[in-house]
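>>> here's my sequence, what's the structure:
(one chain, ligands or ions: 1)
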Amino acid sequence: MKTTLGTLAGVALIALSGAAFADEQTEIGKKIYDRAFGRGCGTCHDISSNPQLTANIKAGTLDRAKFEEVLTNGRNAMPKAMDQIMTNAAVTKAGYTEEMAIDALYKYISTK
Ligand code: HEC
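I've put the predicted structure just below:
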């Protein structure tokens, strides 16, 4: 019985830390979105004539691979963004790798 309770408590703890990680991830994604290029991605993307990132992710036309590709290489008026992302204070503080930072940003935008 004790073992069963211990196991249950362990499962609950893992579930809780998973939730904490998800929150931290979204929070870091938001900080990147709000602060990249000084005024944030929204300076351009919250204007209707530019790609609507959240809508495109939801519509399935902007997947994780394409998102990373555009951030890495830029595209027309879209500047390369990886330097901006990796020097973001929230990213350096959390010690995120490029993959983790892109995941966080993609996740935040997809739930925005
Ligand atoms: C200076 C304005 C500007 C800023 C700042 C900017 N973008 Fe863009 N972005 C654009 C424009 C314009 C396009 C469309 C490029 C084209 O002509 O294909 C674009 C395209 C994109 C695309 C491709 C969208 C699609 O559906 O194909 C992604 C992804 C993207 N931006 C992400 C971001 C993220 C994330 C940030 C912040 C880190 C950001 N952008 C900051 C202007 C900007």
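
>>> CA atoms for contacts and neighbours, from now on please.
Will do.

>>> and the worst-scoring helix or strand of the chain on mean pLDDT, anywhere near the ligand?
Ranked by mean pLDDT, DSSP states H and E, the weakest helix or strand in the chain is helix 2-35, scoring a mean of 81. Yes - interface with the ligand: helix 2-35 contributes Y33 (CA under 6 Å from any ligand atom).

>>> what does stretch 80-94 give?
Yes - residues of stretch 80-94 contacting the ligand under CA under 6 Å from any ligand atom: A81.

>>> run the chain-centre distance for that stretch.
11 Å (CA atoms, centre = their mean, to the nearest Å).

>>> next one: stretch 12-20
The chain centre lies 19 Å from the centre of stretch 12-20; the measure is CA atoms, centre = their mean.

>>> just give the closest residue to N73, not the sequence neighbours.
For N73, ignoring the flanking residues on the chain, the nearest one in space by CA to CA, 6 or more residues apart in numbering is K80 at 5.4 Å.

>>> looks to me like the one you found is in a strand.
No - under DSSP: H, G, I helix; E, B strand; the rest coil, K80 falls outside any strand and is assigned coil.

>>> contact partners for it?
V70, L71, T72, N73, G74 (CA atoms under 8 Å, 6 or more residues apart in numbering).

>>> from E68, how far off is the closest residue to the first one other than its chain neighbours?
With CA to CA, 6+ apart as the measure, K80 is the residue that lies nearest to V70, at 7.3 Å, once sequence neighbours are left out. According to CA to CA, to the nearest Å, K80 stands 10 Å off from E68.

>>> in whatever helix or strand comes next after the least confident helix or strand of the chain, what's buried?
Remark: after helix 2-35, the chain's next helix or strand is helix 42-45, criterion DSSP states H and E. Buried residues in helix 42-45, counting neighbours by 16 or more other CA atoms under 10 Å, are absent.

>>> same check, this time on stretch 84-94
Result for stretch 84-94 [16+ other CA under 10 Å]: buried residues Q84, I85, M86, N88, A90, V91.

>>> correct me, but the last one touches I102?
No - in this structure, V91 is not within contact of I102 by CA atoms under 8 Å, at 10.2 Å.
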